[in-house]
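**Q** the following block contains a protein sequence and its predicted model.
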Amino acid sequence: MAASTSKASMQNLLQFMKLIGQLKRVPRTGWVYRNVEKPESVSDHMYRMAVMAFSIGDTKLNKDRCIKLALVHDMAECIVGDIAPADNISKNEKHRREEEAMKHLTGLLSEDVKKEIYEIWEEYEYQSSPEAKLVKELDQFEMILQAYEYEDQEKKPGRMQEFFDSTKGRFHHPEVVQLVKSLNEERNSQISAAGSSSEGSLPQAIQSQLPKETL
């Protein structure tokens with residue numbers, strides 16, 4: 001009996017791992033909609049978020065918890081996909097689908113792991129701890145960092161401005177604020193350099209933000 005139970009649990013664990021593996025093949029929808037060539041996967045996004053959480057120096061926060069939150073927060077997308085605002089799906093419906101997916105995923109695990117992963121997902125979903133709030137900011141920061149990297153790769157400074165606009169006023173943790181400041185300084189320098197060499201090639205929304213001497 002014990003052997004058959006162990007075999008069943010291993011089969012369920014294998015199924016869980018296969019489902020999680022789908023995250024490597026789910027592209028981030030925002031980049032798909034903007035015709036980015038070879039867009040990153042959800043797994044790519046979550047991995048760098050986890051490394052960001054590992055790198056944060058705030059000793060008041062539980063770093064291990066932050067890493068786990070980063071690894072779990074988009075886990076449901078291996079079943080429901082990456083639902084973006086442009087998909088016109090309500091927040092309630094998005095939550096319902098992801099909650100159902102998380103119940104299915106964690107139902108494949110042992111009771112203790114099931115409980116931990118589901119509670120971590122809920123903690124992030126409801127933003128119920130300082131750690132969850134930090135990881136939400138890292139989620140937003142990772143997005144604009146990736147947006148900047150696509151601008152750089154495509155040699156189209158400013159093309160992803162809407163992603164930066166969507167995060168304005170959302171950063172509050174001192175370390176994340178400084179990271180955003182550093183990123184904006186580097187990005188604005190590139191936009192200014194591009195504006196100096198070819199003013200007409202920059203979108204009007206970007207040109208209006210540049211210092212007059214660069215135009």
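**A** Perfect, thanks for sending it. Numbering: from 1, shown residues only.
**Q** report all helices and strands that the one helix or strand N92 maps to contacts.
**A** For N92, the host element (DSSP states H and E) is helix 91-106. Taking 3 or more Cβ pairs under 8 Å, 6 or more residues apart in numbering; DSSP states H and E as contact, the helices and strands that helix 91-106 lies on are helix 2-21, helix 77-80, helix 111-125. No exception for glycine: its C-beta is placed from N, CA and C like everyone else's.
**Q** got the angle for that helix vs helix 111-125?
**A** Using axes from the mean of the first three to the mean of the last three Cα atoms, to 10 degrees, the inter-axis angle of helix 91-106 relative to helix 111-125 is 160 degrees.
**Q** sorry, back to before: and the helices and strands packed on helix 91-106, which is most packed in?
**A** Across the helices and strands packed on helix 91-106, the average number of neighbours (mean count of other Cβ atoms under 10 Å) peaks for helix 77-80, which reaches a mean of 20.
**Q** export that helix as CSV, just CAs?
**A** Taking Å, rounded to 0.1, in the frame of the first residue of the first chain, the C-alpha atoms of helix 77-80 are listed here in CSV:
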residue,chain,number,x,y,z
GLU,A,77,0.0,31.0,-16.1
CYS,A,78,1.3,27.6,-17.1
ILE,A,79,-2.5,26.7,-17.4
VAL,A,80,-4.3,30.0,-18.1
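**Q** once you drop chain neighbours, what's closest to the residue most central in space within the chain?
**A** Using Cα atoms, centre = their mean, the residue of the chain that lies closest to the mean C-alpha position is D139, 4.1 Å off. If you skip the residues right next to it in sequence, D139 has M49 as its closest partner in space, 6.2 Å away by Cβ to Cβ, 6 or more residues apart in numbering.
**Q** likewise for F54?
**A** Distances taken as Cβ to Cβ, 6+ apart put I67 closest to F54, at 5.7 Å, once the chain neighbours are dropped.
**Q** isn't the one you found up against M52?
**A** No. Judged on Cβ atoms under 8 Å, I67 makes no contact with M52 at a distance of 9.4 Å.
**Q** related to what we said a few turns ago, pull the residues that contact the helix or strand where the residue nearest to D139 lies.
**A** Using DSSP H and E, M49 falls within helix 42-55. Around helix 42-55, the neighbours that count as contacts under Cβ atoms under 8 Å, 6 or more residues apart in numbering are 23-24, 26-28, 63, 66-67, 69-71, 73-74, 77-78, 82, 134-135, 138-139, 141-143, 145-146.
**Q** no further questions, thank you.
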